[in-house]
Structures are given as C-alpha cells and as structure tokens.
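Engineer: give me the fold of what follows.
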Amino acid sequence: MSTSSFAPPTAGLAHVSVDAAGDVSMTPPEAKPTPVHAARDVPVEELAARIVAGDRSTLARAITLVESRKPEHQAKARLLVQALLPHTGRAHRVGITGVPGVGKSTTIDQLGANLTAAGHKVAVLAVDPSSTRTGGSILGDKTRMARLAVDRNAFIRPSPSSGTLGGVAAKTRETMLLCEAAGFDVILVETVGVGQSETTVAGMVDFFLVLMLPGAGDELQGIKKGVLEIADMIAVNKSDGDNAVRARQAASEYRAALNIMAAKSAAWTPPVVLISGLANQGLDAMWEQVETHRTKLEATGEHAERRRVQQVAWMWSMLEERVMQALRHDTRVAGRLTSLEAGVRDGTVSASLAVDEIAGALGI
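Structural biologist: Take a look at the predicted model:
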C-alpha cells in the first residue's frame, strides 16, 4: 500500500437507526439500510443467505440476536453461526490494545480507512467490559472513528451493553464469525487495555498488536510482562514531530525488553515499529508486517494450528459459561446459593464446604 494513494472518505452525515431489538447502526447516507424483519422473526436459512450476500442491516440484527440473553434467541443464534461456518475463517483477525490515551481509536480509524481504500472490507469490534460499569454510550465507538463510521466498506460494533469479560468475549467471537461470513476480510478487535482483556483478545485473533507511547522510561517499568509476552508487534504511536527522538529511544527499550522474552513462535520475532495514527505515518509498513506474519505462519502450519486450538478453547469457554448459568438457575441449589455465598463471605462457612454442599445437591 502507498500512503499517498489513500483517498479521504466521502463527506456526508451518517444515517443512524435503531431497530426493535435496540440495535444501533450507523451507515453512510449513500448506503442507508433497507428495512427488514427483526432477525428473530426470519428463518435461519434466510438470515444466513442475507448475511452471505452482504446485507449490513441483517448482519447488525443477527449480531443483536447473538447478544440476546433469551434462551430462544441464543438457540437460534447457535444455528445461524453453524450455518455460516463454511463462509468463515478467511479474514485477518487482528487484536489491538494500548493504555488509555495511546491513540487506539485514531490509529484504528486511519488504518481502517487505508485498508478500505486498498480494497479491503474492515470490521471493528470492541471488547470493553468496563462499559458495564461506566454506562458509556453505545455510539461511542462509532463517533470516535469518524472516517470508518461513514465508510460503506467498514462496520463498527461496540461491546455488548452488559456482561462479564467472558460473556463479552464469547459474543465478540460469534460476531467475528458473522462479519467474516458477510465478506469482511479484516477484523480488528479493540480491547480497552486494562485487566485481563488483552489475554482474552489475544486468544481469539491471529495477530496481537500493542500500541505504546513515546518516552518509555517509567512506563516500561509499569508494563505488565504478560502483555509483552503475547504481543506479535509493538507500535510506538505519536512518533512524529517533537516526539520523534523520544519515540526512537522508546522503541529501542521495547526491543531490548522483547529480546529477553521467549518468542511465541520460532517463525516470528515481534518487531517494534514507529507510527503516527494522526499523521498517517508508518501504518502501511505496519500492516505489511501483519501480512508477513500470516505468510510465515501459514508456511509452517502454525496459523492453522492456532485457529484449531482457539476453536477448542472457545468451546470450553462457552461450555463453562453455560454450566454456570444452569447452576445458578438449578432448583436443587438455587435456594442455598445465596446463603452459602454469604457464609463464605463472612467467614462462617469454608469455601470447600460450600462447594461440597453444592456439588452434593447436584449429585456430582
């Protein structure tokens, strides 16, 4: 890709709509969605056909179906994902993280615009369990990415509005498959950059990009070792202008930190690159590294093996979530859970005894 060839997005106001299920969608004025029945009222086969045909409105409603907590909606969503499975798996799955203020949204917005200008279709998904505490606007992810919000070849989807990290991640995985079936060949999964969200996202993507700020110094001391261990590349953002010297020094320190860690793959050594999302500098070279990584890992068979391992991990993750849901609603233990939890909290009941009682009630 050549940076100079990237055209600015078409000017105009985005069309915002809210369907009966509460799904919010934003599309450019020249690509307003045509009304369709809510996904829950359309047969699975028809839903799948519409998604494969690239119907964005149906895609948005299908994602709402996936995110629903109603058992009948979840059952239909599982059938839909199964029907779409043959149309998935070909996209670049890239996770992106970084501390607040590092410029994730600006970088993703510009990178996505570059990729769509080069002929790609880009979906941006967010994994942000903190939204359940802050009550952030569902439109937040879209208004932060003004270029992609009006790009007909881009699709932005915020986190589910509630749920644990595990629940949000499970829905993001299913959403990723729906987007791939709809023809999006680049899936960018953004994580808020705190807690365990980085590790969770790294377990669902092919490539994990960590954005850093110039002037490593004390920041380097505060970086969780685990984040560097799962990084496939570090990009020092905001490296233009007065930050150039500090950025080069930071890059040198990050390289030194990576050199003392065991590599994730014998076929790949994580590079450290300098970029500026705001100035659109270095993003083309950064994406070339993503493509090179895939080429190298495909040649060794590691890319396919990672996907297989991830799929099995997803199965166990969803099974654990389902079992926990069933446990909390099981009439044999539901009445005792609250009192046992209170007893463990105040120290009158040991955790092991509480587990024994619950397991005994379930006959396990």
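Engineer: what's the longest helix in the protein?
Structural biologist: For the chain, the longest helix by residue count, based on DSSP state H, is helix 302-329.
Engineer: so which elements touch that helix?
Structural biologist: Counting by 3 or more CB pairs under 8 Å, 6 or more residues apart in numbering; DSSP states H and E, the packing neighbours recorded for helix 302-329 are helix 165-181, helix 283-300. C-beta: built from backbone N, CA, C; applies to glycine.
Engineer: with mean neighbour count and distance to D330 added, can I get those in CSV?
Structural biologist: CSV is the format used below for these (neighbours: other CB atoms under 10 Å; distance: least, CB to CB, whole Å):
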stretch, mean neighbour count, distance to D330
helix 165-181, 23, 19
helix 283-300, 16, 43
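Engineer: so R93 touches G203, yeah?
Structural biologist: No. R93 lies out of contact with G203 (CB atoms under 8 Å); the separation is 10.9 Å.
Engineer: can you get me a residue count around A91?
Structural biologist: 21 (other CB atoms under 10 Å).
Engineer: same deal with H92?
Structural biologist: H92: 20 neighbours (other CB under 10 Å).
Engineer: got the contact list for it?
Structural biologist: Residues in contact with H92 (CB atoms under 8 Å, 6 or more residues apart in numbering) are 185-187, 206-207, 290-291, 294.
Engineer: can you redo those as CSV with distance to K76 and pLDDT?
Structural biologist: Formatted as CSV, the contacts of H92 follow (distance: CB to CB, whole Å; pLDDT from 0 to 100):
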residue, distance to K76, pLDDT
D185, 26, 97
V186, 28, 98
I187, 23, 97
D206, 29, 96
F207, 32, 97
V290, 35, 97
E291, 36, 97
R294, 33, 97
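Engineer: now, among the residues you listed, which is nearest to S339?
Structural biologist: Each of those was checked against S339 using CB to CB; the closest is I187, at 44.7 Å.
Engineer: that closest one: neighbour count?
Structural biologist: So I187, with other CB under 10 Å, has 25 neighbours.
Engineer: more neighbours: which of R93 and G203?
Structural biologist: R93 (23 against 18).
Engineer: how near is that one to M204?
Structural biologist: Distance of R93 to M204, given as CB to CB, to the nearest Å: 7 Å.
Engineer: overlap in contacts, these two.
Structural biologist: Residues touching both R93 and M204 by CB under 8 Å, 6+ apart: 176, 189.
Engineer: which stretch of helix or strand covers the most centrally placed residue in the chain?
Structural biologist: In the chain, the centroid-proximal residue (CA atoms, centre = their mean) is V189; its distance is 2.9 Å. For V189, the host element (DSSP states H and E) is strand 186-191.
Engineer: that strand vs helix 165-181, what angle?
Structural biologist: 170 degrees (axes from the mean of the first three to the mean of the last three CA atoms, to 10 degrees).
Engineer: so strand 186-191 versus helix 283-300, what angle?
Structural biologist: 100 degrees.
Engineer: and strand 186-191, what does it pack against?
Structural biologist: Taking 3+ CB pairs under 8 Å, 6+ apart as the contact cut, strand 186-191 packs with strand 92-98, helix 104-117, strand 122-127, helix 165-181, helix 197-202.
Engineer: so which of the ones you listed gets nearest R307?
Structural biologist: The nearest among the helices and strands packed on strand 186-191, by CB to CB, is strand 92-98 at 8.8 Å.
Engineer: ok, the closest one: who's next to it in the sheet?
Structural biologist: With DSSP bridges as the test, strand 92-98 is paired with strand 186-191 (parallel), strand 207-212 (parallel).
Engineer: before we move on, the earlier item: now distance to A266 too, for the helices and strands packed on helix 302-329, in JSON lines please.
Structural biologist: Output for the helices and strands packed on helix 302-329, formatted as JSON lines (distance: least, CB to CB, whole Å):
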{"stretch": "helix 165-181", "distance to A266": "27"}
{"stretch": "helix 283-300", "distance to A266": "8"}
